[in-house]
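**Student:** I need the structure of the sequence given here:
(chains A and B)
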Number of protein chains: 2
Amino acid sequence: MLEKRPIKSLFLSPRSVVFVGVPRKSGPGALNPVDNLRNWGYQGRISIVHPHAKEIAGISVLSNVSRLNDEVDLAVISTPRETIPGIVRQCGAKGIRAVIVTNQGFAEADERGEELQREMLAAAGKFEMRILGPNTLGVSNAFNGFNSSFMPLPREEVPVGLVCQSGVFFVGVNHLVSGMGIGIDVGNACDLNIVDALEWLGEEQRIKVIALHAEEIPDGKRFLEVAERIGRRIPIVALKTGRSQEGARAAASHSGSLAADDRVVAAAFQKAGVIRIDETQDQLDLVRGFLRLPPIKGPRIAVVTLTGAGGIILLDSMERHGLESAKLSKGTIDAIQSLSPDWMGLTNPIDIWPAVMKHGMRKAYTTALRDALADPGVDGVLCFALALGDAEQKHLGAEEVIQQLSDKFAKPVVVWTYGPQREDAARRVEQHGRALAVPSLERGVRLLASMVRYENWKNNGTCLVP
Amino acid sequence: MLEKRPIKSLFLSPRSVVFVGVPRKSGPGALNPVDNLRNWGYQGRISIVHPHAKEIAGISVLSNVSRLNDEVDLAVISTPRETIPGIVRQCGAKGIRAVIVTNQGFAEADERGEELQREMLAAAGKFEMRILGPNTLGVSNAFNGFNSSFMPLPREEVPVGLVCQSGVFFVGVNHLVSGMGIGIDVGNACDLNIVDALEWLGEEQRIKVIALHAEEIPDGKRFLEVAERIGRRIPIVALKTGRSQEGARAAASHSGSLAADDRVVAAAFQKAGVIRIDETQDQLDLVRGFLRLPPIKGPRIAVVTLTGAGGIILLDSMERHGLESAKLSKGTIDAIQSLSPDWMGLTNPIDIWPAVMKHGMRKAYTTALRDALADPGVDGVLCFALALGDAEQKHLGAEEVIQQLSDKFAKPVVVWTYGPQREDAARRVEQHGRALAVPSLERGVRLLASMVRYENWKNNGTCLVP
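**Tutor:** Model (predicted):
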């Protein structure tokens, strides 16, 4: 007899999957999960159960789960809610131990839904099955081409793990997280929950950062234990929703969540080193930051600016978020002062514009950025890059300098690219080296402040800025 | 004798301009303001003064201001700081009444700079001249093709006015404000200041919204009076920097500003109906919002969502910013309920995904958006739009529905476009109608909350959310 595969593998790397209920159409626009698996080059075996169709997407269809002949790792069920407890039982009888239930209409909906969710769970319990969902897009694992979702997604083998309670994070993947290597949508979390999903991702060596969306923090003690352990290796960037009164009420009718006092959640996150963000965009920024940037050792930031006004905006924002304006050494100041007009009283933020006008962008920028990075009083650098048309960019572009210097020192370099050609300049900044481009000054500040919090938790056990 | 042109026209619409000090090179990358004027199709007369060159950019060069033969409306001076008081005097003697001094190195720099700034002012006073600057890119007026700046900028005749104390807002124009019809950088504001600039823009019928960047609020009483008067017709969206201790110190050495207590500034803005934002991105969003969206009558927001989780994120953010979740009428609820599964207990946020699955995107979205907009309990709508590939977009795109409905009701419609093709979907949303696309839920909320504050100030005299 074959050794039993662990539950985690059945969900994340199934060697065979049966879809119970898929659209009869396939092809562009049909939202057929079988198409998505094909597009992703999934290598496992695919079966389909449908009561009426003979063939779907070129695959012979079985009329019933009981007709399955081969061993199946995972069932993905998308049939009307009344049928689901029965189908779960049939799957169990066939030896299937992992089930994803995608439908809505369970504990989040009404009493009948609660009842059906209980029945489904009871059936699963009898056969030692585990259920992901209901109300979920399921699992997406770009590393082995498996994706249970009916939404067409780009396959990106990036070291990003996503744990969420909603398909919106799968769909908005390029937008909300920077692609995902492995995504797990726990939906209503009637059985497997975010703690299980975190634990699975924590064991994946290919995952280097985790984005978490949670409407509820279940099983508080275990959550703390798991998050704290994973957090040592993998930063967890969390968006906990349902914080407001209205939001908590809505969470109850979305995933059936029970809202905890938000102060309890905040304390738990702080203890476990979970980096909490308030805005969806910040989650994207932090995921990208943890992937590209070296760790930051402290809150002392040097600013290399092309504009005094921008430097001031940064100082305002840094103070608000607990970062410090680095005290630069005399050597750093002198180096850039020697390129600047005599009347300039240089300090941090380092305004290099007058030096650029005298000596050109390359020389002024290289001096300022290199010396700031080498300065022992500096933990990280925020710098500016103009993004103009090609002709001007030759003279005023700093992308190459940034590329070259950004991996010479083990300190993060975050670059605000601004001007009409922002996207192009951002791409060039990130082409080589380890610098990260951001679309606004304030997002750069929040990103670094969160990274400081994370390092401070790792080193000193507290998630607060020093 | 000709009638004297008003000072404002000399700066914003000069019929002739002399550049004292420009690069000898011209063409791509030279950063020569004369090139920029040519590229913008400036129709006025251009003279150049340079001590050594014979010809620059195809224009015969004069060695000295005193050699000017024709009447000149405006002088743009960019020579070493020691020369400037003398050149201002020469300009005065030639009857030039408007001067832009672009250089740095004055009151913001050192004692000698302060002295030179005083001398320059004294010279101007003798000839009844007005000075914009020093330390400025000057003026940009896309409506008549005039631009004093050496930075190449796109010419966009949009009804946006910009008043700032830094060239970064000129350069980052596409990024920080949504293009600018007329931009005025007051720099150190040694003479003309932000209040003068606001007053000028307030008289321009083509300007419909003003973005303000200020490091200092000068002349408090006049500022209040001017801002309040302009604000009746034109919303002013202000980023006041130098709020933090470090920031205030830096502002003093950037534009020589004296920092006021930030609470005084806050009170002044509130009284004058100036919409204060904390982040540069919010300024961009609000400028775009005021241009596209109809005014919002109150804080009651309906949400049309494709995801329960997104609805919850919105509720959290709305509560934080003082917006209310609208209580929908029974008719509105019933209409979308009739398309949804029985088990759904519909409320606001209106989650239409189950209805979309049953009846298709067009029918479900049209019903929900139309009824929400028609509901007397709703002041504005935040809605969701998926942004997938072409094939899926045919089935799941809501852009056309949004276009059609967004100008049928005098209520703002703000659309979060999400998914891999976000930019494309945003463009389509804004192609027709009056809806505004935003890149994050939270930015949509902050935008509407600020618009509510503005309307509340206009109607009730207070800038707070009701």
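
**Student:** spatially central residue in chain A, please.
**Tutor:** A:Ala211 (3.4 Å; CA atoms, centre = their mean).

**Student:** helices or strands next to the host helix or strand of it in the packing?
**Tutor:** In the assignment (DSSP states H and E), A:Ala211 maps to strand A:209-214. Here strand A:209-214 touches strand A:160-164, helix A:194-202, strand A:236-240, helix A:280-292, going by 3 or more CB pairs under 8 Å, 6 or more residues apart in numbering or on different chains; DSSP states H and E. In this view, the C-beta of every residue, glycine as well, is placed from N, C-alpha and C.

**Student:** okay, those in CSV with distance to B:Val160 next?
**Tutor:** CSV is the format used below for these (distance: least, CB to CB, whole Å):
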stretch, distance to B:Val160
strand A:160-164, 38
helix A:194-202, 45
strand A:236-240, 33
helix A:280-292, 24
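
**Student:** most neighbours per residue, which of the ones you listed?
**Tutor:** strand A:160-164 (a mean of 27; mean count of other CB atoms under 10 Å in any protein chain shown).

**Student:** from the chain's centre, how far out does that strand sit?
**Tutor:** Mean C-alpha position of strand A:160-164 versus that of the full chain (CA atoms, centre = their mean, to the nearest Å) differs by 5 Å.

**Student:** and it, which strands flank it?
**Tutor:** strand A:182-185 (parallel), strand A:209-214 (parallel) (DSSP bridges).

**Student:** format these as CSV; extra columns: mean pLDDT.
**Tutor:** Output for the strands paired with strand A:160-164, formatted as CSV (pLDDT from 0 to 100):
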stretch, mean pLDDT
strand A:182-185, 96
strand A:209-214, 95
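
**Student:** quick one: contacts of the strand holding A:Ala211?
**Tutor:** For strand A:209-214, the surrounding residues in contact (CB atoms under 8 Å, 6 or more residues apart in numbering or on different chains) are A:159-166, A:169, A:176-177, A:180, A:194, A:198, A:201, A:230, A:234-241, A:274, A:283, A:286-287, A:290-291, B:309.

**Student:** quick one: that strand to helix A:280-292, angle?
**Tutor:** 160 degrees (axes from the mean of the first three to the mean of the last three CA atoms, to 10 degrees).

**Student:** packing partners for the next helix-or-strand element following strand A:209-214?
**Tutor:** Downstream of strand A:209-214, the next assigned helix or strand under DSSP H and E is helix A:220-231. The contact analysis (3+ CB pairs under 8 Å, 6+ apart) places helix A:220-231 against helix A:194-202, helix A:262-272.

**Student:** residues near A:Ile7, how many?
**Tutor:** 16 (other CB atoms under 10 Å in any protein chain shown).

**Student:** cool, the one 5 residues further on as well?
**Tutor:** Neighbouring residues of A:Leu12 were enumerated by other CB under 10 Å; the total is 23.

**Student:** residue contacts, the nearest residue to it once chain neighbours are set aside?
**Tutor:** Nearest residue to A:Leu12, sequence neighbours excluded (CB to CB, 6 or more residues apart in numbering or on different chains): A:Asn141, at 5.1 Å. Listed by CB under 8 Å, 6+ apart, the contact partners of A:Asn141 are A:Leu12, A:Ser13, A:Asn147, A:Gly181, A:Ile182, A:Gly183.

**Student:** and A:Asn141, how far is that from A:Ile210?
**Tutor:** Per CB to CB, to the nearest Å, A:Asn141 is found 14 Å from A:Ile210.

**Student:** that older thread, neighbour-wise, which of the contacts of A:Asn141 leads?
**Tutor:** Most surrounded of those: other CB under 10 Å gives A:Gly183, at 29 neighbours.

**Student:** what's across from the residue nearest to the centre of chain A in the sheet?
**Tutor:** A:Leu162, A:Val237.

**Student:** now what about stretch A:269-277, what contacts it?
**Tutor:** A:212, A:223-224, A:227-228, A:231-232, A:235-240, A:266, A:268, A:283, A:286, A:446, A:450, A:453-454, A:457-458, A:462-464.

**Student:** low-confidence bits of chain A, can you list those?
**Tutor:** A:1-3, A:173-178, A:255-260, A:465-466 (pLDDT under 70).

**Student:** for the residue of it most remote from its centre, phi and psi?
**Tutor:** What lies farthest from the middle of chain A is A:Asp342; by CA atoms, centre = their mean that is 47.7 Å. When read as degrees, to the nearest 10, the backbone of A:Asp342 gives phi -60, psi -40.

**Student:** mind checking how far A:Arg276 is from chain B?
**Tutor:** 13 Å (CB to the nearest CB, to the nearest Å).

**Student:** rewinding a little: of the helices and strands packed on helix A:220-231, which is nearest B:Leu323?
**Tutor:** helix A:262-272 (19.1 Å; CB to CB).

**Student:** got the angle between the closest one and strand A:209-214?
**Tutor:** 160 degrees.

**Student:** C-alpha coordinates for stretch A:191-206, CSV please?
**Tutor:** The C-alpha trace of stretch A:191-206 is given here as CSV (Å, rounded to 0.1, in the frame of the first residue of the first chain):
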residue,chain,number,x,y,z
ASP,A,191,-12.2,23.6,8.6
LEU,A,192,-8.8,24.7,7.3
ASN,A,193,-8.1,28.3,8.4
ILE,A,194,-5.5,31.0,8.0
VAL,A,195,-3.3,29.4,10.6
ASP,A,196,-3.1,26.1,8.7
ALA,A,197,-2.4,28.0,5.5
LEU,A,198,0.4,30.0,7.2
GLU,A,199,1.9,26.8,8.5
TRP,A,200,1.9,25.3,5.1
LEU,A,201,3.6,28.3,3.5
GLY,A,202,6.1,28.5,6.4
GLU,A,203,7.4,25.1,5.3
GLU,A,204,7.9,26.2,1.7
GLN,A,205,11.5,27.1,1.1
ARG,A,206,10.6,29.0,-2.1
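
**Student:** ok so, going back, out of the contacts of stretch A:269-277, which end up buried?
**Tutor:** A:212, A:223-224, A:227-228, A:231, A:235-240, A:268, A:283, A:286, A:446, A:450, A:453-454, A:457, A:463 (16 or more other CB atoms under 10 Å in any protein chain shown).
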